[in-house]
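[1] just coords:
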């Protein structure tokens, strides 16, 4: 089971926390929680959806702890995430994929989550609704706003 979902979960986590080492730490926490909670899995949802929910919650917990440790305001968090992207090996500010990552990191947290799940994971709104406990309509609106903001960011930073 771990092998089947580990890579997908890693990339979901990595897009949220940015740094490879942080992503591995969060993934380890997710796998531990999964193992401890497996007997409580009620099969109301698919295993994949349940794991994504655990991963998303762990990412949010990690980011919240990081915000408290490293930042005093939203702008500081934005700058911190941007600096993490720039510090990654292979970062080249001229490459469009890095500009896209910077644009995504400039989004509000909820829009960033929705955009990552829809754009990278190609998750249907129905599954996303189960993972994020948000209505499909709100998710569609959030994705639309995120895409517009990213488009604007890329236009202004080319």
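    Sure, I can see it. What you are looking at is a predicted structure, and each value in this text was computed from that prediction instead of being measured.
[2] what's the one helix or strand residue 48 maps to packed up against?
    According to DSSP states H and E, residue 48 maps onto helix 47-70. Using 3 or more CB pairs under 8 Å, 6 or more residues apart in numbering; DSSP states H and E as the contact test, the elements touching helix 47-70 are helix 2-17, helix 20-37, helix 74-87, helix 109-115, helix 125-132. Heads up, the C-betas are built off the backbone N, CA and C, glycines and all.
[3] which residues sit in contact with the residue lying farthest from the centre of the chain?
    No residue in the chain sits farther from the centre than residue 39, which is 26.3 Å out by CA atoms, centre = their mean. Neighbouring residues of residue 39 by CB atoms under 8 Å, 6 or more residues apart in numbering: there are none.
[4] going forward, begin numbering at 40 instead of 1
    From this message on, residue numbering opens at 40, which makes the last subject residue 78.
[5] Isn't residue 101 up against residue 56?
    Yes. Residue 101 is within contact range of residue 56, at 5.9 Å (criterion: CB atoms under 8 Å).
[6] These two - which one has more neighbours?
    A direct count of neighbours by other CB atoms under 10 Å for residue 101 and residue 56 places residue 56 higher, at 22 against 18.
[7] Who are the contact partners of the residue nearest to that one when sequence neighbours are not counted?
    Spatial nearest neighbour of residue 56, excluding adjacent residues (CB to CB, 6 or more residues apart in numbering): residue 62 at 5.4 Å. By CB under 8 Å, 6+ apart, the contact set of residue 62 is 49, 52, 53, 56.
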